[in-house]
Each structure stands twice: as C-alpha cells, then as structure tokens.
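In: Sequence and predicted structure below; questions after.
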Amino acid sequence: MGSQGNGLLFQITINKLAKIMLFLPFFGAAFCIIWSIIFDFESSTSTHCRFRSKVKNYLPSISSAIGGYTPQRYVWRICIALHCSPRFFITAGYYTFNTQFNVGIRNNIYKFLAGLCAILNSIEILALVVLTNISSIENFSIHENSFITFMVTSECYMLCSCIVFKWGRTSNGRPMTPKEKKSFHYKIALFLFNISCFFIAIYLYLRHNSYCEAGVYSQFAFMEYLVVLSNIAYHWTMCLDFDDYVLGLRKCAESMELTIIKTV
C-alpha cells in the first residue's frame, strides 16, 4: 500500500514478507518430497553403497527430490528464485539493524562480526541458488561443492548471528526486551537442533556407505529434511526481529530506492 506522507510509494511489513519468503522453500521441499514418493518412488529412492548395487530405502534424499525429476525440479527452482531475491534485502537490513548498537571499546570487533554475518548469509544464499540450478545429475561436483558451501556458511552464520544478536542487545548493561529474549532463545535452540541433525546425517551417510544396512539411508534422508526445516525456522526469527519494520519503495528526488523503515 502507498504512504504519501513519508514518500513511500509501496510498503509491506517485514513480518508478512518473511512469512511469504520462508513459505516458498518449505512448500517447494514438501511438494518435491511428497511428489517423488507418490509418483517416482522406485527411482527417487534407489540407492547403492560400496558393497551392494541396491539397498532398501524408503525416502528420497533432498538432492534426488528437488533435482532429479520433473515437475519437482521446476517447482523447486521457481520457489527458490522467488525466495532468494528478498533475502538479500533482509541481509542488508540485518547489518544496519545490528550495527545500530555501540558496544563500547570493542565496537570495531562487533561491527566486523556483524559484517561477517552479512557475508556468510550472502554466500549461503548464492550457494543455495547454485545447488538449486545445477542438480547432482547435471554436474555432481558443482552440486556437491555448492551443498557443502551452503551447509558450512549456514552453520557459521547461525553461530555468528547468535553471538552478534546477544552482544549488541546486552551491551553497556542494556537488558533484552521480552521479544529479543524470545528471538534469541529460538535462535540458540534452532542452531543447536540444526547442527545436531547435520552431524547425525553425516554419521548415517557414512554408516550407509560402510555397512549397506537397509533403511539407514532413509534415516539419513529424514535427518536432511530436519536440517532444511530447522534452517527455515531459524530464518523465521526475523519475524520477531523486524516485527515493527516495513520494506518500502521510496521516491527520492529523481530516483527510487528500497528501504527498511521502523514503523513505531
């Protein structure tokens, strides 16, 4: 909606934008997994290990579900394309949001960490775009390296943003607001859950390749789903952080600019 009084031609609350933005990968992943199980079960769950050419498996991996078949591949790519663009604005917004705090004599270190968070999040988004558009079937090496980059930057970003969030909001004896405490507790819990699921998934993948046990790859795939869902849930905390902010299109002199504005 427009807001002529403050020069805004269009605005949408960050809360609403975030919910739409984060629903897209959730819907895309859920659609691809369910569709693969219903219509491409045999081929999408087919797996092997070093001792056997075929091992019993009941769930498709994320890579198989999102990149191996159509229409799943198209749905996932569309969802990620629509999802990623607004995330760059939110990343820039988080940097400004975090650096509004001055933590005192270590403020340069704090600002460096806030910038590192923005860089890590940007690399995470770019890696997601690459692994989405280049499937493991098309180029396994690029897809694998993009996935590794995505996971490493994702985990590092979660840890770094937890540190920055608490440091800035408790600096100089400032107490956290109830909403900030809620957001921080969610961040910590989701980060720990996410990284735990990730390491369990690695263990199950190695166990599958070493012992060729029936159903172990299914457990690996399920842990992959939890990693994806907890990653989405972690980014959902922006709904709490930017609850009273809007993303607006503002007319400035002879140009237009997108800006994040506090409403109250």
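Out: Noted; the coordinates are in hand. Numbers count the residues shown, from 1 in each chain.
In: Tyr94 contacts Leu116, correct?
Out: No - between Tyr94 and Leu116 there is no contact under C-beta atoms under 8 Å: 11.8 Å. C-beta: built from backbone N, CA, C; applies to glycine.
In: who has more neighbours, the two?
Out: Tyr94 (21 against 16; other C-beta atoms under 10 Å).
In: quick one: contacts for that one?
Out: Contact analysis of Tyr94 by C-beta atoms under 8 Å, 6 or more residues apart in numbering lists Cys117, Ala118, Asn121, Ser161, Met238, Asp241.
In: Tell me which helix or strand the second one sits in.
Out: So the one you mean is Ala118. For Ala118, the host element (DSSP states H and E) is helix 107-133.
In: gap between stretch 17-33 and the chain center?
Out: 11 Å (C-alpha atoms, centre = their mean, to the nearest Å).
In: can you list contacts of that stretch?
Out: With C-beta under 8 Å, 6+ apart, stretch 17-33 has contacts from 59-60, 62, 65-66, 72, 75-76, 78-80, 82-83, 86-87, 90, 225, 228-229, 232, 235-236, 238-239, 242, 247.
In: which helices and strands sit right next to the helix or strand hosting Val152?
Out: Taking DSSP H and E as the definition, Val152 sits inside helix 140-169. When contacts are defined as 3 or more C-beta pairs under 8 Å, 6 or more residues apart in numbering; DSSP states H and E, helix 140-169 packs onto helix 62-67, helix 72-99, helix 107-133, helix 178-211, helix 216-236.
In: picking up where we left off before, of the contacts of stretch 17-33, which count as buried by neighbour count?
Out: 59-60, 62, 65-66, 72, 75-76, 79-80, 83, 86-87, 90, 225, 228-229, 232, 235-236, 238-239, 242, 247 (16 or more other C-beta atoms under 10 Å).
In: Quick one: residues contacting Leu128.
Out: Contacts of Leu128 by C-beta under 8 Å, 6+ apart are Ile80, Cys84, Ser146, Phe150.
In: Could you rerun that using 7 Å?
Out: Ile80, Cys84, Phe150 (C-beta atoms under 7 Å, 6 or more residues apart in numbering).
In: Give me the neighbour count for the last one.
Out: Think Phe150. The burial count for Phe150: 21, using other C-beta under 10 Å.
In: which one is it nearest to, not counting chain neighbours?
Out: Ala127 (3.9 Å; C-beta to C-beta, 6 or more residues apart in numbering).
In: quick one: pLDDT of the one you found?
Out: Confidence at Ala127, expressed as pLDDT, is 97.
In: Test my guess that it contacts Thr153.
Out: Yes - counting by C-beta atoms under 7 Å, Ala127 sits close enough to Thr153 to count as a contact (6.5 Å).
In: re earlier: let me have the contacts of Tyr94 in a markdown table, extended by pLDDT and distance to Ser44.
Out: Formatted as a markdown table, the contacts of Tyr94 follow (pLDDT from 0 to 100; distance: C-beta to C-beta, whole Å):
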| residue | pLDDT | distance to Ser44 |
| --- | --- | --- |
| Cys117 | 98 | 36 |
| Ala118 | 98 | 36 |
| Asn121 | 98 | 31 |
| Ser161 | 98 | 34 |
| Met238 | 95 | 33 |
| Asp241 | 94 | 37 |
